[in-house]
Structure formats: C-alpha cells, structure tokens
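[1] take a look and give me a structure for this.
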Amino acid sequence: MTATTHEVGHHDEPTGFTRWLFTTNHKDIGTLYLLFSLTMFFVGGAMAMVIRAELFQPGLQVVDPYFFNQMTTMHALVMIFGAVMPAFVGLANWMIPLMVGGPDMALPRMNNWSFWILPFAFAILLSTLFMPGGAPAGGWTLYPPLVLQMGTAFPFVIFAIHLMGISSIMGAINVIATIFNMRAPTMTLMKMPLFVWTWLITAYLLIAVMPVLAGAVTMLLTDQYFGTSFFNAAGGGDPVMFQHIFWFFGHPEVYIMILPAFGIVSQIIPTFARKPLFGYASMVYATASIAFLSFIVWAHHMFTVGMPLAGELFFMYATMLIAVPTGVKVFNWVATMWRGAMTFETPMLFALAFVVLFTIGGFSGLMLAIAPADFQYHDTYFVVAHFHYVLVTGAVFAIIAGVYYWLPKWTGHMYSEALGKAHFWLSTIFVNVLFFPQHFLGLAGMPRRIPDYAVQFTDWNMISSIGGFGFGLSQLLFLYLIIQSIRGTRNATAQVWEGAKGLEWEVPSPAPHHTFDTPPVVK
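    Numbers count the residues shown, from 1 in each chain. Now for the predicted structure:
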C-alpha cells in the first residue's frame, strides 16, 4: 500500500521486529490485533476439536473428564477474549481512522500498549494448563464454588482476565476519542458509516461492563485467599450473587461481540447490492436500543435459580423486547438488497449467510427467553446451539466477511475468488452440520459440559463432531487465502472487485465514505 500522508517523510522509522514492537501506526496495530486474533482462533479451535473428539461417541476415548472440562472452559475464554474481541478491535483500528478521515487513532501510544498487553495475558492464561491443579474447569462463567477448586493456577487466571479487561477498556477509550475528535470537518455523527456507529456504541458497552467483570473475579480472589465470604454460603455469602454480577457483565458482553458484526454487514450489503443502506437512521437507533436493553436482561441466564415470579416475568418480557430492534436491522438488510443489482462475491456470501444464520440464533434465543420453556432448555445442548449460531455464524462469519472485503485494500493484493467461495461453502455447510443437530440433542435432554452421555444421544453427536472437524479444517483454506493475499501476485485494481462493475466507488448517493488514505468526501 502506498505511504499515507502522515507516514511520508518518516524514513528513519524502525524496521523489522522493532517496527512492530514500537509501532503507533493504526494500520500496523490493526494488523497485529488481526494476526493475534487469527492465532487464538486456531488455538481455541483446537480445543473445540478435543471437545468434539471426546463427544464423538459415549465412553471415554480421548481425554479424561477433568481435562475435558478444562477444554470447554478455556475454549470459551480463548474464543471470546482472544479471537472475537481482538478481531473487532483490529478492524476498528484499521478502518475507523480511514472511515472518519482521521490521520490515525487519537491515542496512538496507548493503542500500542493495549495491544501488547494481550499476548502476555494469553500466555498467562494458557500457562495454567501446565500448572499443578490445572486450568479452570468450572466453565468460562467461573461460578463459585466450582472454580475455586483449581489450586495454584487460580490467581493466574484472575490476573489474565484483569489484563484482558484493561486492554479492552483502553481500546474502547481510544475508539471513542478517535470518533469524537478526529472526524473530517463535514462529517456529522449521522453521516458516519454504520461500522463506525456500531463501534462507538460497543466502546461505551465495554467501558461500562469490563469493570463489573473485574469486580466479580476480584471478589472470587478475596474469597479464596483473604477470608472474605462474598459468595461463600458458610460465611453468610451468596453464590447466586456471583451469577447476578457475572451476567450483568456477561449479557452486554455478547452484544459487544455482535454489534460490530452488524456494522460490518451494514457496510458490505449496500456495496454488493449497489444501493445505499435502507433506513440508515433506524439502524443507528436500533443499535443504540439493543445496547440499552442489553443491560436489563441479564437474569434470563438465571431463570432456574429460583427468582420471584415478578423477576422472571420482567426478564422474560425485557429479553423478548430485544427482538424488535434486531428485527428492524434484519428488515433493513433485506430491504437494502431488495431490487438491488446484486453480485455474490465472497464477502457478500458471508454477509448473506450471517443474515440468515444469525436470525436462526435469534429465534432460538427468543425460545430461551420464555421462562417456563427455559426450565426445560436450561443447561442443555439447545443453549450451546443457540449461542454458537449467534457467535459463529454471527460474529465469526461477519469478521471473515470483513476480512475478505477489506483484505485487498489492506494488502494491495487480491485473493483467489474461487477459493474464497470454496471456503464459504465448506464453512457454511459444515457449521450447520456442527451446530444444528445440537438443537435436537438439547430438546431431547442432553446436558451441556459433560464428557460422557447416554447412548440415545450418539447419532446426533457423531454428526455434530463430523461437522466440527469439517468446519475446523475448512479454516485452513482461510489461512491460505490470507497468506496468499499478503504475499500476493495479483495486484488489487483501483476498483478492487474485478468482474463486478465499479462497486463501492460507483455507488450513487450518499458518497462512499471511504476513499481510503484521503479524507472522505461528504456531501
């Protein structure tokens, strides 16, 4: 990529490893985040493969039950804090300055720091696998008293979580400062690209809830080592209070992992439909509504703890209310495509799969919102199926779509469109083979987080595991395409998408927000 205006004249900058270590360039830091996220995606994926191998058939085959529980816990922590969130921060770093017409992020030194905390945090977290007592095996939710049985590794896990939180909060502060202070003079808030809007709202969510998680795990730590009894019933504490605090963080957290995905899809669909986004203002308000509602639905994760009927009713209705702004978004994406001149390049395919499959996750979420029904579904594989449809075919598919969409602009090289489409079809088929049968398992009563199960669940588990291995192996093709684009032989043209007329640069009103590397032209 050609040197940007703010890079010209800095030929004495460090090269090699020191360039990446000390960089304050938003593009370099975005690249670091994305590469770190890709690494963690494969680490977390390997853990998922262990889980699916063990569940291929009943009876112990691959690992012992304690290690299996460590894998379910670590898989979640690595995928959430190591793969999905850093990927979105990486995309924010790369794209937000370009989209708002700023020369860089507002706080470049802090930007460097917030990235470099992450490799150390995950080195600490993964090192607990080799410590006496071992990595956490009480689920990623870290419920007491289960999680307190870890031994020496416990404080390391808490410290790693604190580091991840610090990194997230600094990243969020940087995003907010950049959006408010670095926009091109004529870019009002309601002229910002949707990706920028979703990230602005996400950043506020991060600042609001990461300290809540920090408080919860610190109370766990003091219960274990300093004689407090926050969650210890024998000392007058309440284990259920931990669930309330944790889910007050945990529910907005799942929206932190999906709102930027909405933003990515809202950039891609108008491009390949060759129409402006339908209902821009309603998309902004819907995003803000979802963020607000995410704070008042946390106890739908806790319908079975014995809360009062009034509480169950409140959380049930509040949860179902989130379907309204989410439905607005889905309607707007479909309306954007309606009678558009659509072509189906790889980013558009992943965006379309996102719309369809994320909606399935939304419907199963609506089922889980109904309190009496949730008594049946709770802690079964139905819940596992639901949140994986939201987080894999939702968040991960959107990240992949964004990578294919922006890779040619990042690297200056085009990837193989044919292989990209092959990656799409393999991923989409296998992800459904992997997760759809888990709805049936859950409805039939198979509990989650168990290393062994009754024989009547064997068939669907076998199918699910085959889907899992297929989906995992398909991602090697994604890795190959990224490397191909970085090393690239085929240069990306000014009109990046060969064979598709004009695309982003010929979209009629409004003007395309990102004529990369120059401040945007806003009408």
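[2] show me where the stretch 401-523 of the chain has strands.
    Assigned by DSSP state E, counting those that start in this stretch, the stretch 401-523 of the chain shows no strands.
[3] pLDDT weak spots in it?
    494-523 (pLDDT under 70).
[4] try it again with 90
    Low-confidence segments of the stretch 401-523 of the chain (pLDDT under 90): 488-523.
[5] just the helices in it please.
    Remark: helices of the stretch 401-523 of the chain, listed N- to C-terminal, are 417-443, 458-487; assignment by DSSP state H, counting those that start in this stretch.
[6] looking at those helices, which is buried most?
    helix 417-443 (a mean of 19; mean count of other C-beta atoms under 10 Å). Glycine gets a C-beta too; all of them are placed from N, C-alpha and C.
[7] which elements pack onto that helix?
    Contact analysis of helix 417-443 by 3 or more C-beta pairs under 8 Å, 6 or more residues apart in numbering; DSSP states H and E lists helix 346-369, helix 381-390, helix 397-411, helix 458-487 as its packing neighbours.
[8] between those helices, which one is closest to Glu417.
    Closest to Glu417 of the helices and strands packed on helix 417-443 is helix 346-369 (C-beta to C-beta; 6.3 Å).
[9] okay, that closest one in PDB with CA atoms only?
    Extracted in PDB, the C-alpha atoms of helix 346-369 (Å, rounded to 0.1, in the frame of the first residue of the first chain):
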ATOM      1  CA  THR A 346     -17.100 -13.900  -1.200                       C
ATOM      2  CA  PRO A 347     -17.700 -11.000   1.300                       C
ATOM      3  CA  MET A 348     -21.400 -10.800   0.200                       C
ATOM      4  CA  LEU A 349     -21.800 -14.600   0.600                       C
ATOM      5  CA  PHE A 350     -20.600 -14.500   4.200                       C
ATOM      6  CA  ALA A 351     -22.800 -11.400   4.800                       C
ATOM      7  CA  LEU A 352     -25.800 -13.200   3.500                       C
ATOM      8  CA  ALA A 353     -25.100 -16.300   5.500                       C
ATOM      9  CA  PHE A 354     -24.700 -14.000   8.500                       C
ATOM     10  CA  VAL A 355     -28.200 -12.600   8.000                       C
ATOM     11  CA  VAL A 356     -29.900 -16.000   7.600                       C
ATOM     12  CA  LEU A 357     -28.000 -17.900  10.200                       C
ATOM     13  CA  PHE A 358     -27.800 -15.200  12.800                       C
ATOM     14  CA  THR A 359     -31.500 -15.000  12.500                       C
ATOM     15  CA  ILE A 360     -31.800 -18.700  13.400                       C
ATOM     16  CA  GLY A 361     -29.700 -17.900  16.500                       C
ATOM     17  CA  GLY A 362     -32.100 -15.000  17.300                       C
ATOM     18  CA  PHE A 363     -35.200 -17.300  17.000                       C
ATOM     19  CA  SER A 364     -33.700 -19.900  19.400                       C
ATOM     20  CA  GLY A 365     -32.800 -17.000  21.700                       C
ATOM     21  CA  LEU A 366     -36.500 -16.000  21.700                       C
ATOM     22  CA  MET A 367     -37.400 -19.600  22.700                       C
ATOM     23  CA  LEU A 368     -34.900 -19.400  25.500                       C
ATOM     24  CA  ALA A 369     -36.400 -16.100  26.700                       C
END
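[10] can you put the helices and strands packed on helix 417-443 in JSON lines and add distance to Gly151?
    Output for the helices and strands packed on helix 417-443, formatted as JSON lines (distance: least, C-beta to C-beta, whole Å):
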{"stretch": "helix 346-369", "distance to Gly151": "34"}
{"stretch": "helix 381-390", "distance to Gly151": "28"}
{"stretch": "helix 397-411", "distance to Gly151": "35"}
{"stretch": "helix 458-487", "distance to Gly151": "31"}
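[11] circling back: okay if I get the helices of the stretch 401-523 of the chain as CSV plus distance to His378?
    CSV is the format used below for those (distance: least, C-beta to C-beta, whole Å):
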stretch, distance to His378
helix 417-443, 10
helix 458-487, 19
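[12] quick revisit: closest to Met95 out of the helices and strands packed on helix 417-443?
    helix 397-411 (6.8 Å).
[13] put the alpha carbons of the closest one into CSV.
    The C-alpha trace of helix 397-411 is given here as CSV (Å, rounded to 0.1, in the frame of the first residue of the first chain):
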residue,chain,number,x,y,z
PHE,A,397,-18.8,-15.0,9.9
ALA,A,398,-19.1,-11.2,10.0
ILE,A,399,-15.3,-11.0,10.8
ILE,A,400,-14.5,-13.3,7.9
ALA,A,401,-16.7,-11.3,5.6
GLY,A,402,-15.0,-8.1,6.8
VAL,A,403,-11.5,-9.7,6.2
TYR,A,404,-12.4,-10.7,2.6
TYR,A,405,-14.0,-7.3,2.0
TRP,A,406,-11.0,-5.2,3.2
LEU,A,407,-8.0,-7.6,2.6
PRO,A,408,-7.4,-6.2,-1.0
LYS,A,409,-7.3,-2.7,0.5
TRP,A,410,-5.0,-3.7,3.3
THR,A,411,-2.5,-5.7,1.3
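[14] between that helix and helix 346-369, how big is the angle?
    Between helix 397-411 and helix 346-369, the angle comes out at 150 degrees (axes from the mean of the first three to the mean of the last three C-alpha atoms, to 10 degrees).
[15] helix 397-411 - contacts with which helices or strands?
    Going by 3+ C-beta pairs under 8 Å, 6+ apart, helix 397-411 lies up against helix 26-54, helix 85-100, helix 259-273, helix 346-369, helix 417-443, helix 458-487.
[16] now render those as JSON lines, adding distance to Tyr285.
    JSON lines is the format used below for the helices and strands packed on helix 397-411 (distance: least, C-beta to C-beta, whole Å):
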{"stretch": "helix 26-54", "distance to Tyr285": "28"}
{"stretch": "helix 85-100", "distance to Tyr285": "20"}
{"stretch": "helix 259-273", "distance to Tyr285": "13"}
{"stretch": "helix 346-369", "distance to Tyr285": "18"}
{"stretch": "helix 417-443", "distance to Tyr285": "31"}
{"stretch": "helix 458-487", "distance to Tyr285": "34"}
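[17] of all these, which lies closest to Met241?
    The nearest among the helices and strands packed on helix 397-411, by C-beta to C-beta, is helix 346-369 at 22.7 Å.
[18] remind me what the closest one packs against, helices and strands.
    If contacts are counted by 3+ C-beta pairs under 8 Å, 6+ apart, helix 346-369 sits against helix 259-273, helix 309-321, helix 323-337, helix 371-377, helix 381-390, helix 397-411, helix 417-443.
[19] find me the pLDDT at Leu107, would you?
    Per-residue pLDDT puts Leu107 at 97.
[20] number of residues surrounding it?
    Burial measure for Leu107: 19 neighbouring residues, criterion other C-beta atoms under 10 Å.
[21] Arg448 versus that one, what's the distance?
    41 Å (C-beta to C-beta, to the nearest Å).
[22] quick one: closest of the helices and strands packed on helix 417-443 to Phe424.
    helix 346-369 (4.5 Å).
[23] tell me the contacts of the closest residue to Tyr377 other than its chain neighbours?
    Sequence neighbours aside, Leu368 is the residue nearest to Tyr377 in space, at 5.6 Å (criterion: C-beta to C-beta, 6 or more residues apart in numbering). Applying C-beta atoms under 8 Å, 6 or more residues apart in numbering, we find Leu368 in contact with His300, Asp374, Tyr377, Phe382, Val383, His386.
[24] what do you get if the cut-off is 10 Å, keeping everything else the same?
    Residues counted as contacts of Leu368 (C-beta atoms under 10 Å, 6 or more residues apart in numbering) are His300, His301, Phe303, Thr319, Asp374, Tyr377, His378, Phe382, Val383, His386, Phe387.
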